[in-house]
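In: return atomic coordinates for the entry below.
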Amino acid sequence: MASIEMSGVRKEFGATVALADLHLTVRAGELVCLLGPSGCGKTTALRLLAGFERPDAGRILVDGGDVTAVPPRRRGFGMVFQEYSLFPTMTARANIEFGLRVRRAGARERAATVDRLLEVTRLEPHADKYPHQMSGGQKQRVALARAIATQPRLLLLDEPLSALDAQVREHLRDEIRRLQQEVGVTTVLVTHDQHEAMAIADRVAVLRDGVVEQVDAPRTLYARPATPFVAEFVGTTNRLPARVDGGRWHVLGTPVEVVGPDPTGTDAPRTAVAVVRPEQVGVSRAVVAGAVGGTVVGMSFLGALTRVTLELPVEGRVVADLLGEAADALAVGAAVSVSVRPGAGAVVLR
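Out: This next block holds a predicted model:
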């Protein structure tokens, strides 16, 4: 297992700054996801790690050693692309074995390694199939097994699930996490899918305009985002007015815990914008003291939750996620009281 440190990394392509000043540390054995909108620099960061690009400034260290100028073939990393890139004339077994043959591993070692990887990736029934005979999920598992077979120092994954349908993507997402933990390889995964990142990563690095806005465990990232951008990019949010009353911030008439300006400061703003998650919004048919009156204008069944769209006289449209029992009492057109649920967590003010 290897650790990674990217320090002050900058990369430009002509007039375009792909990475402005990237700082990122990955601990040995971690799975870290690089998450962000298109053009934020996450794929460029992965290509720099792999050695396919050279930074214009900054250093890349692996286990404390500087690999900034080391060519890809000498880094000893495994990489999986979204296109699979399997050899079409080789079976699954032969594809997985390829890297071991290049390294001139003995026949016994090759057979033992391939058999183990076929088992852990659940590809044993497909070992003798060619790529054109396999599904997308099976081909991606072959690509993963091939990347891991040579015991790489790092495993780099460039949106490996984006070409798959939703059900296969969710299953293979969990397979990647299980395999990564079983093998113990330090892994960096690039994705634009926040659900994918939050589901499998030890930590998520959110990138914006070539810099890291926040790196944290998924639960921390969601519950206590460091910036308004992170709050709005990760998950669904409502942007609502907040005001100071009695030395505390209030949103929808409710005192709230905040991440942001201190209302007791001498120059603290008296009004701000709060970012509130749908599950933090409380909705009741009863009149609630201090709450804001509103009207239900839409309801969408999401399984365990129902997403309720509300129209408020000042705040406009607000979205609330309610458990089935709470939503069952509501209907489109109903007059309701809307508030921030007590103890629902932090909001971000700006």
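In: name the helix or strand for the closest residue to Ala226 other than its chain neighbours, please.
Out: Spatial nearest neighbour of Ala226, chain neighbours left out: Gln214 (4.3 Å); criterion: Cβ to Cβ, 6 or more residues apart in numbering. Any C-beta I mention is one placed from the backbone N, CA and C, and that applies to glycine too. Per DSSP states H and E: Gln214 is located in strand 211-216.
In: which stretches of this protein have low pLDDT?
Out: Residues of the chain meeting the criterion pLDDT under 70: 163, 260-269, 345.
In: okay, now the domains of it?
Out: For the chain, the structural domains run 4-227, 236-349, going by automatic domain parsing.
In: hang on, Asp158 packs against Glu83?
Out: No: Asp158 lies out of contact with Glu83 (Cβ atoms under 8 Å); the separation is 9.3 Å.
In: what about the helices in the protein?
Out: Taking DSSP state H, the helices of the chain run over residues 42-50, 92-102, 107-120, 136-149, 166-183, 194-200, 218-223, 228-233, 324-328.
In: and those as a markdown table, adding distance to Ile4 and mean neighbour count?
Out: Output for the helices of the chain, formatted as a markdown table (distance: least, Cβ to Cβ, whole Å; neighbours: other Cβ atoms under 10 Å):
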| stretch | distance to Ile4 | mean neighbour count |
| --- | --- | --- |
| helix 42-50 | 7 | 23 |
| helix 92-102 | 21 | 20 |
| helix 107-120 | 24 | 15 |
| helix 136-149 | 17 | 23 |
| helix 166-183 | 15 | 16 |
| helix 194-200 | 17 | 19 |
| helix 218-223 | 19 | 17 |
| helix 228-233 | 21 | 20 |
| helix 324-328 | 44 | 13 |
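In: okay if I get those helices as JSON lines plus distance to Gly316?
Out: Listed next are the helices of the chain as JSON lines, based on distance: least, Cβ to Cβ, whole Å:
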{"stretch": "helix 42-50", "distance to Gly316": "33"}
{"stretch": "helix 92-102", "distance to Gly316": "54"}
{"stretch": "helix 107-120", "distance to Gly316": "51"}
{"stretch": "helix 136-149", "distance to Gly316": "42"}
{"stretch": "helix 166-183", "distance to Gly316": "31"}
{"stretch": "helix 194-200", "distance to Gly316": "24"}
{"stretch": "helix 218-223", "distance to Gly316": "24"}
{"stretch": "helix 228-233", "distance to Gly316": "16"}
{"stretch": "helix 324-328", "distance to Gly316": "21"}
